[in-house]
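> model this:
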Amino acid sequence: MTGLPTLLAKIPDESKPMAALAIGSVTLVLIVLLHGAGIHAILVLHTRRLRRLRTGRPHLVTAVFLFGWAVFLMLALHIAGFAVWAYALLFLGLVPHAYDAINFAANAYTTLGFGNVDLISHWRIIAPIIGISGLFTFAWTTSVLANIVSAHRELMELLEKEREREFEMRSSLREEIWKSLQSEQSAEYATKSEEKKEAVGASILMRIRAWRELKKRIKQLREARAVEIFELRRKEREDEEKLGQGDVPDKSDKKE
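Residues are numbered from 1 along each chain as shown. Below is the predicted model:
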């Protein structure tokens, strides 16, 4: 690290601005390439997660978290961008301390100014190049962020519709279960009434047999009801998993 600042110091003063321009340009291109690779990775990750969220049960909290995670990753890209500039300034020996290099690079990268730190007069052209790199990357991020916000809004609208359909499906399931329970209770009541009529004038032995037969029939009714409810719930879960795929039956159409 001490060798490169020594070599830079040996450059004639009239050539140092051109050297600064060359060094800054190369660093700018590397940062833009790094930013582009990061943006591409974020878009691929976001698109894959969006595709998963569009199918299956609606997860609104996961969608919000995905949006926040994408924003955080883009922020991390910019932090990495001015961190590279800060390291370059330290490596070239243009700024002696790390905290000064980070402060200078962050202020120049965001075009806020230089703060209390300044470069040697022959190397000051690096500062506007840092600002240009920030303009490039922020403009890129802004365009990508606009697309992500638009996709997030469309996703939330879709998930809200799917959530409404999910609520309707669950409400319909509760109604069907309630009808099944009422039907089973009515069948039990009819069976007991029939048994009472048959028990009139019968012997004790016949009444015991009838009672056993009644108990067996009631058990069969309850088992059949339990199987029916289990199938209703299984079908409802399968329909919920199909949300977003366009092949879930519409309950309103069924009622009509």
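> When you work out contacts or count neighbours from here on, use the C-alpha atoms and nothing else.
Fine.
> Determine the set of other helices and strands touching the helix or strand hosting Ile129.
Assessed by DSSP states H and E, Ile129 sits inside helix 126-199. Helices and strands touching helix 126-199, by 3 or more CA pairs under 8 Å, 6 or more residues apart in numbering; DSSP states H and E, are helix 16-54, helix 60-92, helix 98-109, helix 204-241, helix 251-255.
> looking at these, which is buried most?
Comparing those by mean neighbour count (mean count of other CA atoms under 10 Å), helix 98-109 comes out on top with a mean of 22.
> could I get that helix in PDB with only the CA atoms?
What follows is helix 98-109, C-alpha atoms only, in PDB (Å, rounded to 0.1, in the frame of the first residue of the first chain):
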ATOM      1  CA  ALA A  98     -10.600   5.300   6.900                       C
ATOM      2  CA  TYR A  99     -13.400   7.300   8.500                       C
ATOM      3  CA  ASP A 100     -12.300  10.400   6.500                       C
ATOM      4  CA  ALA A 101     -12.300   8.300   3.300                       C
ATOM      5  CA  ILE A 102     -15.700   6.900   4.000                       C
ATOM      6  CA  ASN A 103     -17.100  10.300   4.800                       C
ATOM      7  CA  PHE A 104     -15.600  11.900   1.700                       C
ATOM      8  CA  ALA A 105     -16.700   9.100  -0.600                       C
ATOM      9  CA  ALA A 106     -20.300   9.100   0.800                       C
ATOM     10  CA  ASN A 107     -20.700  12.800   0.500                       C
ATOM     11  CA  ALA A 108     -19.300  13.000  -3.000                       C
ATOM     12  CA  TYR A 109     -21.200   9.800  -4.100                       C
END
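> what sits up against it?
With CA atoms under 8 Å, 6 or more residues apart in numbering as the test, helix 98-109 has contacts from 82-83, 85-87, 89-90, 95, 113-115, 117-118, 127-128, 130-135.
> make it 7 Å
Helix 98-109 is contacted by residues 82-83, 85-86, 89-90, 95, 113-115, 117, 127, 130-131, 133-134 when judged by CA atoms under 7 Å, 6 or more residues apart in numbering.
> what's the closest of those residues to Gly24?
Ile130 (7.5 Å; CA to CA).
> To what extent is the closest one buried, counted in neighbours?
Ile130: 26 surrounding residues under other CA atoms under 10 Å.
> Now do it, the pLDDT please.
pLDDT for Ile130: 91.
> Skip the chain neighbours and tell me the closest residue to it.
Among residues not flanking Ile130 along the chain, Tyr109 sits closest, at 5.2 Å (CA to CA, 6 or more residues apart in numbering).
> where's stretch 155-175 relative to the chain centroid, distance-wise?
Relative to the centre of its chain, stretch 155-175 is centred 20 Å away, using CA atoms, centre = their mean, to the nearest Å.
> Now do the buried residues in it.
The neighbour-count check on stretch 155-175 (16 or more other CA atoms under 10 Å) flags Leu155, Met156, Leu158, Leu159, Glu162, Arg163, Arg165, Glu166, Met169, Arg170, Leu173 as buried.
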